[in-house]
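Undergrad: Here is a sequence with its predicted model. Questions after.
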Amino acid sequence: MSISIEQLFPRIAGFNVIDCAIKNRDILYLLLREDYTQRPGWTDGRDPPAEASLLKRILSLNLKKPPGQHWGVGQIGGFGRSLCAVAHAPDEKVVVLDIASKSWTPTPGRDGFEDPIPSKFEGGVRLGGLSRARSFGGHLFAISTARQLFIRRQPGRWELVGDPLPMPEQHKLSFLDFDGFSAEDIYAVGDAGDVWHLQGTHWSRLPFPSDWGLSAVCCGGDGLVYVAAGNVIFRRRGDTWEKLKTAAQISLPIKDLVWYEGQLWATNDYGVWTLSDRSLIPADVPPAVKVCAGNLAVRDGVLLIAGYGGAAFKSNGRWTDIFNDHEVRAWLEGNRDKLWTL
């Protein structure tokens, strides 16, 4: 498969990938954040710009289109720390969210901005900042760091899911990630061994054998629940948690966990691993894929991996490189006058 990389360069140069999502096996998304360190004249030691001043872009890769027409791009200003996910109902489209619940979708003829979830200070219910979004049963769900789960019923209309939970302790961030076997069977995790289970509308806190901060959770295709505590994976079978081995050097907390081809996959900004024989080991992937570590997405038989080093995907047993950051930076050195602008 040949991807039109020349068309990508002007759209991605000067940006880093911060998240990714999959609509279906033919349409993939990369969320980008402006890399201020690549601005002309930037020197180390200066104060970084405010997050909301950094442009965000959402790139769509349509593999069904002919070469030269693979890429679409939308640019978003004024967003804080951002993430993306795909809503499949009421309309199927990618949604970009920021920590304050601002949201944007590609909408022909409109700017695409949707109403945020009103905060408690604005007469609404939202507390904390949004940290993750996923789809279950077609609808998009998002969690906040103050133990809240929301469902997007319509563009710009979000509802709180489940009974209200107590606020986490001061300076604690929970929830940071969530996953589910269905929209009525969801697990959410966060700081200091904080694990909660939603059944229908009722939340219950689950005892957890570690007080480490929890960064990721995956409801596996084997019916078991996997939780990342720092660089360690715990697996829940029935009411019992099992600490799995880590036969790899993992220096940072695991960022993403997904289930693909009957196996658990894990990543952070410095590596990608799989679970094999009850032990987390370096993933058996090509070197060009390893450098893409950072974010994982799975849907419709496709595994997408994307991060500061580049992006690649696996489908039908084969890896396909999308881009490598080194070649993008090399292109930028001599082509700043060709950069895409809104």
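TA: All right, it came through fine.
Undergrad: Which of the three states applies to residue 86?
TA: Per DSSP: H, G, I helix; E, B strand; the rest coil, the local secondary structure of residue 86 is strand.
Undergrad: Hmm, it is touching residue 29, no?
TA: Yes. The pair residue 86 and residue 29 passes the contact test of C-beta atoms under 8 Å, sitting 7.2 Å apart. No exception for glycine: its C-beta is placed from N, CA and C like everyone else's.
Undergrad: just for the stretch 1-150 of the chain, where's the confidence low?
TA: By pLDDT under 70, the weakly predicted segments of the stretch 1-150 of the chain are 1-2.
Undergrad: All the helices of it, in order from the start?
TA: 5-12 (DSSP state H, counting those that start in this stretch).
Undergrad: now swap in the stretch 151-300 of the chain and tell me
TA: Along the stretch 151-300 of the chain, the segments classed as helices by DSSP H, counting those that start in this stretch run 287-290.
Undergrad: Where does pLDDT dip in it?
TA: Within the stretch 151-300 of the chain, the stretches with pLDDT under 70 are 247.
Undergrad: Show me which helix runs longest in this protein.
TA: What stands out as the longest helix in the chain, according to DSSP state H, is helix 325-334.
Undergrad: Buried residues, that one. List them.
TA: 325, 328, 331-332 (16 or more other C-beta atoms under 10 Å).
Undergrad: Ok, stretch 234-244 next?
TA: 234-236, 241, 244.
Undergrad: Count the residues that sit near the closest residue to residue 327 other than its chain neighbours.
TA: Excluding the flanking residues, the one nearest residue 327 by C-beta to C-beta, 6 or more residues apart in numbering is residue 5, at 7.7 Å. Residue 5 has 18 neighbouring residues, counting by other C-beta atoms under 10 Å.
Undergrad: Same question for residue 88.
TA: 16.
Undergrad: if I look at it, how far off is residue 284?
TA: Computed as C-beta to C-beta, to the nearest Å, the residue 88 to residue 284 distance reads 32 Å.
Undergrad: Residue 177 against residue 187, yeah?
TA: No. Taking contacts as C-beta under 8 Å, residue 177 lies outside contact range of residue 187: 9.0 Å.
Undergrad: Give me the common contacts of the two.
TA: Applying C-beta atoms under 8 Å, 6 or more residues apart in numbering, one finds that residue 177 and residue 187 are jointly contacted by residue 217.
Undergrad: Report the buried residues of stretch 169-189.
TA: In stretch 169-189, counting by 16+ other C-beta under 10 Å, buried: 172-180, 183, 186-189.
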